[in-house]
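Asker: Provide a 3D model corresponding to the input given below.
(one chain, ligands or ions: 1)
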Amino acid sequence: MPRTAYLNPSGMTTPALAAKKTDRPIGNSPECVKDYIHHIKSYMRDVCCSMRGGMGMESHYVDAHLVQRKLLIKSGKNANKCLEKELVVLSDSERKKAKLDRSQLFHNSDSKPKQSVALLGKAGAGKTTFIQRLCLDWASGSLRQFQFVFLLNCKILDLTKSTYSLKGLLFDLSMSPRCEDSDSMFKHILSCPDEVLIIFDSFDHIKDFEGLLQSPAKSHTNTKYTIKQLFSGLFQKEILSGCTLLIATRPKDVLNQVLRKMDSLLELCGFSPEDIELYTSKYFGDASLQENALKQIKTDRYIFSLCSNPLLCWTTCFLLEHQESCNDLPSTLTDLYQRATSKHLQLASLENSSLCKNRKQLDIPQLCKMAWEGFKNHDTHVNPGSSTELLGCALKSGILASYKTSEGQENHFADLFTQNLLSAVHLVQSKQVNEKMVVANSVVHQKKRKVQGESQDVLQRFVTGLVFQKASDGVSILDSSVNIKAKRKAVETHLESMKPNDLVPARLLELFHCVYETSSAKFAKLLLKNLPDNLSFYGTQLCPSDVYVICHLLRYASTLKRTFSINLQDACIPISGLKELVGLKCIKAFWAHTADTIGLWEDLHQSNDELNLKSAIEKFTLHPFKATEGYHIESLPVLVQIHREKKLPMRYSITFVFHDYKNKPSGIFRDWNLSKVPVSVFSVSLLGVQNGPELFPKLVEVLPSLQSLQHLDLEKNQIGDSGAEKLAGVLHFLECLKLLNVAFNKFTDLGATKLGAALKNCTGMKSLELWNDCIPYGVFEHLRLQDPRIRSL
Ligand SMILES: Nc1ncnc2c1ncn2[C@@H]1O[C@H](COP(=O)(O)OP(=O)(O)OP(=O)(O)O)[C@@H](O)[C@H]1O
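Answerer: Predicted coordinates:
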């Protein structure tokens, strides 16, 4: 495989391509327009035809899938906080159904036009590659709805200056070849805005998002604006109204105000297990190498889980290609990246000894310092004043990538993982960095604000991994002559003082990762000792390597004789991951998306895994059942149906562990094959000032099947008269209902009277709390006199 240091997505250049960016005469005739389009296309075909490492797009690209995501409409003080929490949670099967491929990117499945599309994905998920592929599609004749495609790389845009016009943005800052008669071409573009696609790649590099949508550019003449104003003008249709915008970005909370207004949110899924195999076989052309590599990757479950991230898959293949075949695969992320980075540097120095002296003589600490300076400023850019020799070697190795900008050449760290590894090396071995600083950037911090999100998580893992690395661990990127004992001790003390009990789910996950990176049984046991009995990963999207790491560490539970319950609600966990976690002996109860739970049972049933099926049924719990989203309610009848029809699992009746109202455990059904036991939901709370109106009708439909329901809490759900009437119509089904609390809703005396009347048929009911401001006091008193079970509060 050819190793090419110069990469070319979104403006990365090879010298040959830079030379091609020539002036061409152009007039305003259709012929000239055609000519220019032809020119852009041929340029794009050249620029976008290869991926990092010199691999051909046509030959090595794996068709990555997208998942269409939707937002819950929320308002209120938390509305801006976290996009992940605002996205409608999809079960594994829903994710499969919501899959789209590239050709459907701008497809309108509903009537809403998709004029603004966001492509979301973590670092290395393949956003830039996907966009390159898209541009190649366009250049090769697809995406015919667009006459023009302009690709902008936010990494290299100068966001501080306010000297740009729309024309300048499209013709000078995008990666399109220069157009000599850009005035005429721009005029043409203004006449057909709906045939223009503008792509902003690496959108998260626009660091300062404050007021992004304020003061949009309003004129497409030569008025000068900042890039942010131009984006805002395009987005808010003040300029070039009708054009289509595509932004590719890592999810970032600060971006939510923009993302929330996009017509379409698409998530790049990364590699499926089949994609990993396909990619590996494409990477290793030779059949025997292919077979060997695949075998190694597939048998190492940690590495296989990492490979669901395309960048990490590429890194793994690169390492396998170059390391001695007898060597084991790396066992941590730190190990993977230090081996890969060392190898890149070593190969570059071998390839070009005049440019790069041998690795030992290269000023690696300087490179690490540059990485750290960049990290601190949320920047991938490398200081142009650095030594040419060092830059040359780092470029040659692929650690840095070169981009052509309007003002010359710029060098950037090629990816987040490499930059963060080098930053971590700087922190760990530089004498200028004290222990406090290392601790601040290692292991999770209880309260500290996470400014850099994903990037900070990766840095923490690397710092922790490097600090605890044993000298005998094989390849080390650290300089063995530097004594890091004091730093290690400081991180150790911090790790020992951690209180996992107090951590929110996302931070708990990070702690698991940091402990994993230490490769130390001592820290693993310490973590397990201090974990709360009820683990919650609620609302944290768990990728395959997250699941692997959690499972790996939970295995230490048996030596400590600990058991846990685990909340996997809204964790978007694939069935395979659910199976692994639920299968652990130390997990005694779990709560996950009901559709996925049923998917898991089906999977176990189909593979005749009766033992695990039995235990997966026993472990399933609804604890306590608080419905905040539609699917919480929608899933209930399915469970009821399974229970009634004994469809799945065939021989067992479902046994749920429910907890009663106000979280007090109300006993566990352990009665197998008791077909007469009704599905035992004891308590339902519909929590939702926002979602109540949407969820309530769904709940009313389900209620008749919840015959064991004892408490129903529908306070503050904006239930009006028609809602109260519907509820009154189903109350007689709920023979066990003791307490209905419908206070603070919106029904008037009409609804209250209907509910009061329905109470006559509910002999088991002890209390109906129905007071609200819309019921005249006289009517309320009258109802209360008629039936003393009616109470104000
Ligand atoms: N669909 C794919 N097929 C083959 N290889 C891929 C694919 N997607 C990504 N890769 C590999 O993964 C590497 C990283 O992908 P890419 O740079 O596109 O990620 P990204 O999401 O843009 O990351 P970042 O957020 O850090 O910019 C690519 O250089 C390529 O080697």
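
Asker: Kindly report the residues of the stretch 251-400 of the chain close to the ligand.
Answerer: Taking Cβ under 6 Å from any ligand atom as the criterion, the stretch 251-400 of the chain approaches the ligand at residues 279, 310-311, 314. (Each C-beta comes from the backbone N, C-alpha and C, glycine too.)

Asker: mind listing what's buried in the helix or strand containing residue 598?
Answerer: Residue 598 belongs to helix 594-606 when assigned by DSSP states H and E. Using 16 or more other Cβ atoms under 10 Å as the burial criterion, the residues of helix 594-606 that qualify are 594-601, 603-605.

Asker: So which bits of this protein are right by the ligand?
Answerer: 51-52, 60-62, 64, 121, 123-129, 202, 250, 279, 310-311, 314, 415-416.

Asker: pLDDT added to the buried residues of helix 594-606, as TSV?
Answerer: Output for the buried residues of helix 594-606, formatted as TSV (pLDDT from 0 to 100):
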residue	pLDDT
594	80
595	80
596	86
597	86
598	83
599	85
600	89
601	85
603	87
604	88
605	82
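
Asker: Look at the residue of the chain found nearest the ligand and report its pLDDT.
Answerer: Nearest residue of the chain to the ligand: residue 126, at 2.7 Å (Cβ to the nearest ligand atom). Residue 126 carries a pLDDT value of 95.

Asker: just residue 488 next, same as before
Answerer: Value for residue 488, per-residue pLDDT: 94.

Asker: Then residue 749?
Answerer: pLDDT, residue 749: 90.

Asker: Tell me the buried residues in stretch 373-388?
Answerer: Under 16+ other Cβ under 10 Å, the buried positions of stretch 373-388 are 374-375, 379-382, 386.

Asker: Just the endpoints, please. Distance across that stretch?
Answerer: The stretch stretch 373-388 measures 18 Å between its terminal residues, going by Cα to Cα, to the nearest Å.

Asker: got the contact list for it?
Answerer: Contacting residues not belonging to stretch 373-388 are listed as 155, 205, 207, 363, 366, 370, 391, 394, 400, 410-413, 416, 419-420, 423, 452, 455, 459 [Cβ atoms under 8 Å, 6 or more residues apart in numbering].

Asker: Please flag which of the residues of the stretch 251-400 of the chain next to the ligand sit within helices.
Answerer: 279, 310-311, 314 (DSSP state H).

Asker: Confirm that residue 67 sits in a strand.
Answerer: Yes - with DSSP: H, G, I helix; E, B strand; the rest coil as the criterion, residue 67 is part of a strand.

Asker: Run a quick neighbour tally on it.
Answerer: Look at residue 67: counted by other Cβ atoms under 10 Å, it has 19 neighbours.

Asker: so it bridges to which residues?
Answerer: residue 99, residue 267 (DSSP bridges).

Asker: wouldn't it be in contact with residue 267 here?
Answerer: Yes - applying Cβ atoms under 8 Å, one finds residue 67 in contact with residue 267, separated by 4.7 Å.

Asker: show me where the stretch 201-350 of the chain has helices.
Answerer: Ranges of helices in the stretch 201-350 of the chain, per DSSP state H, counting those that start in this stretch, are 227-235, 256-259, 273-283, 287-299, 301-306, 310-322, 333-351.

Asker: scratch that, the stretch 351-500 of the chain
Answerer: 364-376, 388-397, 416-429, 435-440, 453-467, 485-497.

Asker: Would you single out the least confident of the ones you listed?
Answerer: Out of those, helix 388-397 stands lowest, with a mean of 85 (criterion: mean pLDDT).

Asker: Which residues belonging to that one are considered buried?
Answerer: Buried, per 16+ other Cβ under 10 Å, within helix 388-397: 390-397.

Asker: does residue 455 really touch residue 416, like I thought?
Answerer: Yes - the pair residue 455 / residue 416 is scored as a contact, 5.8 Å apart, by Cβ under 8 Å.

Asker: who touches both of these two?
Answerer: By Cβ under 8 Å, 6+ apart, the residues touching both residue 455 and residue 416 are residue 123.
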